[in-house]
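Q: Give me a 3D structure for the following:
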Amino acid sequence: MPLRPVLLFATLLLCCAHPGPPAAPAGPSAPADSTAAAQLKALGDEYWEYHLRVSPFQATLLGDRRYDGEVPDDSPAGLEAEAAHWRAFLDRARQIPEAALPVEDRVTRAVLVRQLEDALSSRECHFERWLVDHLDGDVMEVLNLPSVQRSGTPEDRERLLQRWRKLPAYLDQDAANLKMGLAEGKVGTQDSVTRELRELDKLLAQPSAEWVLVQQPLSQSGLAADAPERAAFQKRILETIDSAGGVREAFARYRQLVKSQLAPKARPDDRFGLKWVAGGSDCYPRLVRMHTTLDLGPEALHQLGLDELKRIEAELSALGKKALGTADLKEIQRRMRSDRSLFFTTREEIEAKGRSALAAAQAATPRWFGRLPRTPCEVKRIEPHEEADATVAYYRRPAGDGSRPGTYYLNTFAPETRPRYEAEALAFHEAVPGHHLQIAMAMELPELPAFRRNSGATAFVEGWALYTERLADEMGLYSSDLDRLGMLSFDAWRACRLVVDTGIHAMGWSRPQAIQFMLEHSVLAENNVVNEVSRYAVNPGQALAYKAGQLELVRLRQQAQRRLGARFDIRAFHDEVLRHGAVGLSVLREQVERWIAAQERGPGG
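A: Numbers count the residues shown, from 1 in each chain. Alright, predicted model coming up:
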């Protein structure tokens, strides 16, 4: 699956890393060059329109229906044409004089430049030629399409059928790219190949009529079960799947490639990371910089993770003494992992807990935020076709046209393995005040260009969500000390990511080594640890963004509190952080420091 310069949750994120602080304004009355501002606006609009056209799945996710009948062109020629457009956009953006722009437009220019630089840099990694991504690759991307593809009108249904007919060529392009990488000696991990094969076997063992590609469009069509139009629609969908050259045959061809060609040569557990892929050692630092928006190298981030773990483990020990009567970390871990009363027993319990945590958070947010999103958030279970290998939860942004709310997806698979004490921190991170509040808010900022409302820095997005897990404690949202232990375990988990992601990709750690480290330094259930480590292998560098962003947000808040004293307003601080969209950390720093200075001057200062 090729990487594109957009923010798409539960996929690799191409984001705006730090471009350096915007130049300071010439003065309060300095006029902006309207020509430069107009050029930037036109360029941003053109870039975003081009992006939607070549990324039709992303357009559908965002609620733009113009490309609902299309699939991406992932052929080598298509990908090179896309990169050529990025280079042209980047040249034009650099030619716009920064000093001639008003402050917010300087941010826009910086964001656009960095997004394009990162897109071009990561393209050199050529993930499409070797990465088998069982979580967000082309197979799962196709199977997740029905959850965002509309089928409620005859026009919607025609576009869906048009797209379904194009899916075989899309899957065949992916297969051709992987064959190209195989010829170059590049291949995915045995772990991800095995998981992908398991997903394909499960899919192909089902009758086509039971596929999510059939059932979801039917259920979302609004057609009565006995309506002739529904029967006709089902027949036409099945034709796109079962006909000669249809979707089923394409999936079968892809499975044969995975089983007969990729699996025998896939990298074993002791060659798990990018370090073991030709060119990977050059690629990984680019991904680190892209996702963290920092200039820190893998070694520095690895050490930062170790330092954070020491701090968090001291908190775990102290709270364990209070909640469990023991300060011994090993005993805390043992009891939290082995006491079956601390685990769910049914899928319904997991979903109900997610809903109650979200409701409590929504009730409390007005006291901590001045501006709140209008778009609602709903809770859904992760679909059966992906739940076995999926992470514990994820968030899907709302459609920009208002047709779909933001969605907090919960993994209810094997409920007896899901700890109760993780549920609240998980809801606060993925929904409110975490991802939903920030992402839906950004989408509702009409003063920002479309590409800034709908894309952004991983470090900001994930850093914000991790920041809110601790904020939720200040808000009084955790039900008990056990739930607060879950919060600390989640914080330790993100610190582990700094150690494990860099360990895997820069230092050559094996898969068992990474799993063991996380088991020793968090309270995560073992099945979650195993799935997480698999995720880091197929999404290099993304896991580093959480701590990078959280620590910068904490630092900026402490700086504002120190300088403003009694004048510090937490609602105003949060509104300032969120009102620019998901910018890189150095841009965020510049914006917040400018806001602090304005607060110090006071009204009219």
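
Q: what's the burial count for residue 431?
A: 28 (other CB atoms under 10 Å). (Glycine included, C-beta is placed from N, CA and C.)

Q: quick one: it and residue 409 touch, right?
A: No - under the criterion of CB atoms under 8 Å, residue 431 is not in contact with residue 409, lying 10.0 Å apart.

Q: Name the residues contacting each of these two.
A: Among the neighbours of residue 431, those also in contact with residue 409 (CB atoms under 8 Å, 6 or more residues apart in numbering) are residue 395.

Q: so what's residue 167 closest to, chain neighbours aside?
A: With CB to CB, 6 or more residues apart in numbering as the criterion, residue 167 has its nearest non-adjacent residue at 5.1 Å, and that residue is residue 247.

Q: just residue 528 next, same as before
A: According to CB to CB, 6+ apart, the nearest residue to residue 528 is residue 392 (5.7 Å).

Q: what residues are up against the one you found?
A: 410, 411, 418, 422, 426, 528.

Q: Show the end-to-end separation of stretch 364-372, please.
A: 12 Å (CA to CA, to the nearest Å).

Q: mean confidence for it?
A: Stretch 364-372 carries an average pLDDT of 97.

Q: What of stretch 327-342?
A: The model assigns stretch 327-342 a mean pLDDT of 96.

Q: quick one: the residue lying closest to residue 421 once chain neighbours are set aside from residue 110, how far?
A: Spatially, and ignoring its direct neighbours in sequence, residue 421 is nearest to residue 486 (3.7 Å; CB to CB, 6+ apart). From residue 486 across to residue 110, the span is 37 Å (CB to CB, to the nearest Å).

Q: show me where the protein has strands.
A: 377-381, 393-396, 406-410 (DSSP state E).

Q: Please identify the most buried of these.
A: Highest mean neighbour count among the strands of the chain (mean count of other CB atoms under 10 Å): strand 406-410, with a mean of 24.

Q: Other residues contacting it?
A: Against strand 406-410 from outside (CB under 8 Å, 6+ apart): 350-351, 354, 358, 375-382, 392-398, 426-427, 430-431, 435-436, 439-440.

Q: least confident pick among the contacts of residue 392?
A: residue 528 (88).

Q: Quick one: neighbours of it, just the number.
A: 19.

Q: Can you list the low-confidence ranges for this structure?
A: 1-33, 604-605 (pLDDT under 70).

Q: buried ones in the longest helix belonging to it?
A: Counting residues, the longest helix found in the chain (DSSP state H) is helix 154-183. Buried residues in helix 154-183, defined by neighbour count with 16 or more other CB atoms under 10 Å: 156-157, 159-161, 163-168, 170-175, 177-178, 181-182.

Q: next one: stretch 499-514
A: 499-506, 508-511, 513-514.

Q: would you list the residues you listed in JSON lines and tack on distance to residue 53?
A: Shown next, in JSON lines, are the buried residues of stretch 499-514 (distance: CB to CB, whole Å):
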{"residue": "499", "distance to residue 53": "41"}
{"residue": "500", "distance to residue 53": "38"}
{"residue": "501", "distance to residue 53": "33"}
{"residue": "502", "distance to residue 53": "37"}
{"residue": "503", "distance to residue 53": "40"}
{"residue": "504", "distance to residue 53": "36"}
{"residue": "505", "distance to residue 53": "33"}
{"residue": "506", "distance to residue 53": "36"}
{"residue": "508", "distance to residue 53": "41"}
{"residue": "509", "distance to residue 53": "40"}
{"residue": "510", "distance to residue 53": "42"}
{"residue": "511", "distance to residue 53": "39"}
{"residue": "513", "distance to residue 53": "44"}
{"residue": "514", "distance to residue 53": "39"}
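
Q: Name the nearest of the residues you listed relative to residue 191.
A: residue 511 (6.2 Å; CB to CB).

Q: quick one: that closest one from residue 360, how far?
A: Applying CB to CB to residue 511 and residue 360 gives a distance of 38 Å.

Q: Check residue 232 too.
A: 46 Å.

Q: Residue 294 now?
A: Shown here: residue 294 relative to residue 360, a distance of 34 Å by CB to CB.

Q: ok, now residue 119?
A: From residue 119 to residue 360 the distance is 39 Å (CB to CB).

Q: and the two? which has more neighbours close in?
A: Each of residue 119 and residue 360 has its neighbours counted (other CB under 10 Å); residue 119 has more, 23 against 20.

Q: end-to-end on stretch 370-390?
A: By CA to CA, one end of stretch 370-390 lies 35 Å from the other end.

Q: Tell me which residues of it come out buried.
A: For stretch 370-390, using 16+ other CB under 10 Å, the buried residues are 372-373, 375, 377-379, 381-383, 385-390.

Q: Quick check: buried residues in stretch 38-57?
A: Buried-residue list, stretch 38-57, by 16+ other CB under 10 Å: 39, 40, 43, 44, 47, 48, 51, 52, 54, 55, 56, 57.

Q: next one: stretch 108-118
A: 108, 109, 110, 111, 112, 113, 114, 115, 116, 117, 118.

Q: next one: stretch 123-133
A: 123, 125, 126, 127, 128, 129, 130, 131, 132, 133.

Q: Who's the closest spatial neighbour of residue 67, skipping the chain neighbours?
A: residue 56 (3.6 Å).

Q: Can you name the residues that contact the one you found?
A: 67, 68, 70, 71, 72, 163.

Q: And the furthest pair within the residues you listed?
A: Between any two of the contacts of residue 56 (CB to CB), the greatest distance is 13.2 Å, for 68 and 72.

Q: got the contact list for residue 108?
A: 40, 44, 448, 449, 452.

Q: switch to 7 Å and redo it
A: Residue 108 makes contact with 40, 44, 449, 452 under the criterion CB atoms under 7 Å, 6 or more residues apart in numbering.

Q: again with residue 501
A: Residue 501 neighbours (CB under 7 Å, 6+ apart): 536, 541, 543, 544.

Q: Show the buried residues in those residues.
A: Judged by 16+ other CB under 10 Å, buried ones among the contacts of residue 501: 536, 541, 543, 544.

Q: Correct me if wrong: the third one contacts residue 496.
A: No - Residue 543 lies out of contact with residue 496 (CB atoms under 7 Å); the separation is 9.0 Å.

Q: Next, the buried residues of stretch 420-439.
A: For stretch 420-439, by 16+ other CB under 10 Å, it's 420-439.

Q: Now do the end-to-end distance for that stretch.
A: 26 Å.

Q: hmm, who's touching that stretch?
A: In contact with stretch 420-439 (CB under 7 Å, 6+ apart) are residues 336, 342-344, 353-354, 357-358, 361-362, 365, 373, 377, 392-395, 397, 406, 408, 461, 464-466, 468-469, 471-472, 477-479, 482-483, 485-487, 490, 578.

Q: Could you pull out the buried residues of stretch 96-111?
A: So for stretch 96-111, counting by 16+ other CB under 10 Å, buried means 96, 98, 100-102, 104-111.

Q: So of those, which two are at opposite extremes in space?
A: 100 and 111 (17.2 Å).

Q: CA atoms only for stretch 401-411, dumped as PDB, please.
A: Extracted in PDB, the C-alpha atoms of stretch 401-411 (Å, rounded to 0.1, in the frame of the first residue of the first chain):
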ATOM      1  CA  ASP A 401     -20.500  16.100   4.700                       C
ATOM      2  CA  GLY A 402     -22.100  15.200   8.100                       C
ATOM      3  CA  SER A 403     -23.400  11.800   6.800                       C
ATOM      4  CA  ARG A 404     -21.300   9.800   9.400                       C
ATOM      5  CA  PRO A 405     -20.300  10.700  12.900                       C
ATOM      6  CA  GLY A 406     -16.900  10.100  14.500                       C
ATOM      7  CA  THR A 407     -16.600   6.500  15.600                       C
ATOM      8  CA  TYR A 408     -14.800   4.900  18.500                       C
ATOM      9  CA  TYR A 409     -14.200   1.300  17.400                       C
ATOM     10  CA  LEU A 410     -13.700  -1.200  20.300                       C
ATOM     11  CA  ASN A 411     -12.200  -4.600  20.000                       C
END
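
Q: Thanks a lot, see you next time.
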